[in-house]
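1. Got a predicted structure here, sequence first:
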Protein chains: 2
Amino acid sequence: MIMTAKEMRAKRRKLVADWEALMRTFIKPENEATKTILLKYMEPILFGLHSFLNKHVGITEEVSIKELADQYKNSRINPYPEKKLADVITDLIENIAPHAVNIASPYFVGHMTSAIPFFMVHLKTITAALNQNVVKLETSKVVSVVEKQVLAKIHRLIYRKDDPFYEEHIQNPDTTLGCFTDGGTLANTTAMWVARNAAMPKTAGFKGIESEGLAAAYRYYGLERCVILVSRLGHYSLSKACGLLGIGNENLIPIDVDNRNKINIKQLRQIIRQLEKEKDRTKIMAVVGIAGTTETGNIDPLRELADICAEKKIHYHVDAAWGGPTLMSDKYAHLLDGIKYADSVTIDGHKQFYMPMTCGMVYFKDPHRMDHIAYHARYVNRPGSVDLGIKSLSGSREANSLILDSTLKIMGSKGFALLINHGIETAREFAKEIKKRPLFQLISPPELNILTYRICPEYLQKQFPAANQAEKNEINETMNYINQNIQRCQREAGKSFVSRTTLQLKRLFNRDIVVFRCVIMNPMTDKKILNDILDEQEEIFNYHFQDILLMGSGRLKLTAK
Amino acid sequence: MIMTAKEMRAKRRKLVADWEALMRTFIKPENEATKTILLKYMEPILFGLHSFLNKHVGITEEVSIKELADQYKNSRINPYPEKKLADVITDLIENIAPHAVNIASPYFVGHMTSAIPFFMVHLKTITAALNQNVVKLETSKVVSVVEKQVLAKIHRLIYRKDDPFYEEHIQNPDTTLGCFTDGGTLANTTAMWVARNAAMPKTAGFKGIESEGLAAAYRYYGLERCVILVSRLGHYSLSKACGLLGIGNENLIPIDVDNRNKINIKQLRQIIRQLEKEKDRTKIMAVVGIAGTTETGNIDPLRELADICAEKKIHYHVDAAWGGPTLMSDKYAHLLDGIKYADSVTIDGHKQFYMPMTCGMVYFKDPHRMDHIAYHARYVNRPGSVDLGIKSLSGSREANSLILDSTLKIMGSKGFALLINHGIETAREFAKEIKKRPLFQLISPPELNILTYRICPEYLQKQFPAANQAEKNEINETMNYINQNIQRCQREAGKSFVSRTTLQLKRLFNRDIVVFRCVIMNPMTDKKILNDILDEQEEIFNYHFQDILLMGSGRLKLTAK
């Protein structure tokens, strides 16, 4: 039966939220029928949206972003309710979810976003239902206390101070072991904010950079610039933080990496020595060590960096957004040896703590370090109060600490260790498989659970060392083109997803090269699945791209002899 | 039966997360019994944690924060799982929730955190289950498209541009109508970040402040400082933003407010004129208008501010974190008249859009304005991509847009209008009631749904105008003491919560005075409840504090004649 426009309007009118309907949504579902529908949908969400999605779609359905975009072009808020709650939920499950990305698939190994334990959804639900605001005690009470406790637990994981230290600080309203942020970017930003203010502190004659500003601070201290040193593989949030904080992101000085993607310590020392010569105008504000580079998962020599920073009295930050939870693995914690000397450390909750989007954290060795960024207001965050908003980049905040605290209790550190070990060890096996296959070239072997590789036939790999510069360039340009497109084809096919990035491996290849980047954090991702992914890439290559090599310029031996 | 230590260790051991147990948590609950327990707890959470809490506790249970803190002092992560999932959830419901704050109570009228419609919990659950990361298309796909659409909807609510404008920009990957942030603080910060960079733009000779830094920008433009102008009632996040961005928070220049807590336009013009005299060294970076001051809910004359900013070519930001959704009320939208001229606007989702913690948004009139803060990386956010992370303070982000989009569909703007109108009109009735009671003094009448008042017996109010300065001070000091303590007593009694703040009403009272601050956003909060709250305050006064007036210094007539 087709409705007339008038009937449709009439039907829509019925959905007008009158006062009674509104009151009901603040206390209970509209009626028993709705409740049944809601429970029907909540069950698959709570107990396996993963498998629900797996049954229906692969990584994502084959609809182009262009086609999708065309369906979402109405810019008006409807004055009347468009849909009942149950219909909105149906819509989310049936029309949105299949076109979202099934990041929970074990074939999704492209980014640092992966499957989460199903109970995370429960914990997030409870947190949302309580809807506490951790900015102040008056809207959170016990949750602020829990937050201080869980911050101490992770602080202890990193810094391993003794019992009296934690006894003193764990619930101390005047000191701060760390802070939750909405993600790693803001955690790094908070660390750099604190480091900036600490580098140009208040004195009798200077009210502090937070008050007088950066230019006044430079004038007072006779400086022209501050710089931050980090390897070329530093996360782009550090660059953003430098821009935001007024340092200027060209003052984030990139240090080369060695063959293992670790910061070149010799070059770092050399640059510090150079900068010391212009000490009267340049301040080294921080050195950043990386514990798990975003692109390759490598860890800088954290202890050597600590020694340099201690010697030169520089704020030492470790970006362990990715690698931090490795500290829970007895087997691999040693990879982060030296992290406890860091003045500040970033760890992400939504990465290897397997929490839902999003949760970042930043920790400080000195419980008074965050005093450099304390803010008060007349109605909250009064001096001396337990309000957690006093030292925090954000204002209102949800209680992510409840989720992390519960998760630690459910998993135990040994539960997390199983996940960490699986990732590292599966990555190692995958690297062996890549080396075995003549079509593939391993670019960065895994130190943690990330590796990069590319398609590059063995005969080209063998010709490479003896080739002249023009030939090398042609090989790499061609392979870049091919790898970029294979990655796209595989993504669009929708079964598997490996990401790609461009590594600046100048020393090895004399130019930037495009690589596949594989991140193994889903415990369901195993050897068989990874082999499937390689098989698919091989198939795409054979079907679509082999010919490109055959059509080589002639100057080169791009085809097998 | 009491277990021995050995038995307890053995029992705990059983909870070791072995590989199989771990795999199960990634796909389905441990067993059918657990599933039943989970559903048992999920039902009250999904269908009325509010009433569940109401049955068990008032605003919060009577346990002091000190006692609570003592229970949360263990700083060690347990290597083994401490508790099963079901026990952790039981713990959250039975031991955490009762000591959290029942912000959903209609007696909780103290902060901008209140009851949310029950369906918000469902929407948050679905968002968590999908766990999309909106920083990039590869981990969000359709959700990025939905986000762009809902940003356009709110943009249109504010700016009311025409169809061709939205047709062009709604799904345009190269332009940006706004951005989600984790809250209003970061929304204001983003707006000031953009304003700062736009104030000192790139030129042929200057790579831009983001690249070269603030000090270099000042040197290039021959400046000594940037300033931002806002009324004294501006949110403290603006001060924080100035500190963070390197402007220095003493360069946030507070302008006095008039009797109605609105920015004193005359004084603003005067200060701008003064600053123009030092144009060669001072740049006015932005003027901020407030649409709903945090403490009193008042709205600055947004159109007059727009005229000044247009005339002087200053970035005009409106902080509508609180008042923004008033635009959905046909009856009261006119209060925000002029907002459409703002270069940028902040609105909070977790305030009057009634979303769960936390969701902020910032909008820009010019879809290219956010280009000033674009960032790229090699593996995400490539130029030309649809990745929403290119122009965003945060990196990884959860899909709050899905919640807002669904909510707009369920409620319609008229549904929201009911809530807005209820808040404003209930506040007006409450103001009348306060005026009627001789013990109370209305300090700021409601313009939106916030008002402030204090306890101050009528006879003192009458004596006040004729009193000399010392007498006035004594009256106010005494009343400040009394009001501060009544607020504390009421909060600790746990039935109701009204917040307090200190208003700088120099013109009226010659000093800062402590007031109760009442925020009416819960649709269940009605006249009767508000009367109960006044009754309780009156009771506390009569019981505990009346004597203080009797014990007055003698110089004053602090007692009734």
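-> Looks like it arrived, so ask away.

2. Tell me which other helices or strands the longest helix anywhere in chain A touches.
-> Ranked by residue count and defined by DSSP state H, the top helix of chain A is helix A:400-436. The elements that helix A:400-436 packs onto, with contact taken as 3 or more C-beta pairs under 8 Å, 6 or more residues apart in numbering or on different chains; DSSP states H and E, are helix A:119-130, helix A:142-159, strand A:440-444, strand A:450-455, helix A:527-540, helix B:19-27, helix B:85-91. Placement of C-beta: from N, CA and C, glycine included.

3. ok, which stretches of the stretch 101-250 of chain A are strands?
-> Counting by DSSP state E, counting those that start in this stretch, the segments of the stretch 101-250 of chain A that form strands are A:178-181, A:225-231.

4. any idea which of the ones you listed is most buried?
-> Using mean count of other C-beta atoms under 10 Å in any protein chain shown, the stretch among the strands of the stretch 101-250 of chain A with the greatest mean number of neighbours is strand A:178-181 (a mean of 26).

5. And the strands in the stretch 251-400 of chain A?
-> Counting by DSSP E, counting those that start in this stretch, the stretch 251-400 of chain A forms strands over residues A:252-255, A:282-290, A:315-319, A:344-348, A:360-364, given from the N-terminal end onward.

6. can you redo these as TSV with distance to residue A:374?
-> Output for the strands of the stretch 251-400 of chain A, formatted as TSV (distance: least, C-beta to C-beta, whole Å):
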stretch	distance to residue A:374
strand A:252-255	26
strand A:282-290	20
strand A:315-319	18
strand A:344-348	16
strand A:360-364	13
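
7. got a markdown table for those, with mean neighbour count, mean pLDDT and distance to chain B too?
-> What follows is these, written out as a markdown table (neighbours: other C-beta atoms under 10 Å in any protein chain shown; pLDDT from 0 to 100; distance: least, C-beta to the nearest C-beta, whole Å):
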| stretch | mean neighbour count | mean pLDDT | distance to chain B |
| --- | --- | --- | --- |
| strand A:252-255 | 19 | 98 | 10 |
| strand A:282-290 | 26 | 98 | 11 |
| strand A:315-319 | 28 | 98 | 12 |
| strand A:344-348 | 29 | 98 | 8 |
| strand A:360-364 | 28 | 98 | 8 |
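
8. of those strands, which approaches residue B:213 most closely?
-> Between residue B:213 and these, the shortest separation by C-beta to C-beta is 10.4 Å, and it involves strand A:252-255.

9. for residue A:238, what are its contacts?
-> For residue A:238, the contacting residues are A:188, A:192, A:228, A:230, A:252, A:288, A:319, taking C-beta atoms under 8 Å, 6 or more residues apart in numbering or on different chains as the criterion.

10. Per-residue confidence at it, what does it come out as?
-> Looking at residue A:238, its pLDDT reads 98.

11. For the stretch 201-350 of chain A, which residues are neighbours of chain B?
-> Contact residues of the stretch 201-350 of chain A with respect to chain B, defined by C-beta under 8 Å from any C-beta of the partner chain, are listed as A:207, A:209-216, A:218, A:224-225, A:236-237, A:239-240, A:242-251, A:294-295, A:328, A:348, A:350.

12. doesn't residue B:144 make contact with residue A:96?
-> No: between residue A:96 and residue B:144 there is no contact under C-beta atoms under 8 Å: 11.7 Å.

13. neighbour count winner among these two?
-> Neighbours per residue (other C-beta atoms under 10 Å in any protein chain shown) separate residue A:96 from residue B:144, with residue B:144 holding more: 31 against 22.

14. For that one, report the pLDDT, please.
-> Per-residue confidence at residue B:144 stands at 94 (pLDDT).

15. picking that back up, ok, which pair from the contacts of residue A:238 is furthest apart?
-> By the measure C-beta to C-beta, A:252 and A:319 form the most distant pair in these, at 12.4 Å.

16. Now the common contact residues for these two.
-> Among the neighbours of residue A:252, those also in contact with residue A:319 (C-beta under 8 Å, 6+ apart) are A:230, A:234, A:238.

17. Figure out which of the strands of the stretch 101-250 of chain A is closest to residue B:416.
-> Across the strands of the stretch 101-250 of chain A, residue B:416 has its closest neighbour in strand A:178-181 (30.0 Å, C-beta to C-beta).

18. How far away from the center of its chain is the closest one?
-> Shown here is strand A:178-181, whose average C-alpha point lies 15 Å from the average C-alpha point of the whole chain (C-alpha atoms, centre = their mean, to the nearest Å).

19. again, but for stretch A:165-183
-> For stretch A:165-183, the gap between its own C-alpha mean and the chain's C-alpha mean amounts to 23 Å (C-alpha atoms, centre = their mean).

20. how long is that stretch end to end?
-> By C-alpha to C-alpha, to the nearest Å, the extent of stretch A:165-183 from end to end equals 27 Å.

21. quick one on the thing from earlier: would you format the helices and strands packed on helix A:400-436 as CSV with distance to residue B:488 included?
-> Formatted as CSV, the entries for these read as follows, by distance: least, C-beta to C-beta, whole Å:
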stretch, distance to residue B:488
helix A:119-130, 24
helix A:142-159, 17
strand A:440-444, 59
strand A:450-455, 53
helix A:527-540, 59
helix B:19-27, 44
helix B:85-91, 30
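
22. The ones you listed: which one's closest to residue B:472?
-> Proximity of those to residue B:472 was assessed by C-beta to C-beta; the nearest stretch is helix A:142-159, lying at 38.2 Å.

23. Packing partners of the closest one?
-> With contacts defined as 3+ C-beta pairs under 8 Å, 6+ apart, the secondary structure elements packing on helix A:142-159 are helix A:163-169, strand A:178-181, strand A:344-348, strand A:360-364, helix A:400-436, helix B:65-71.
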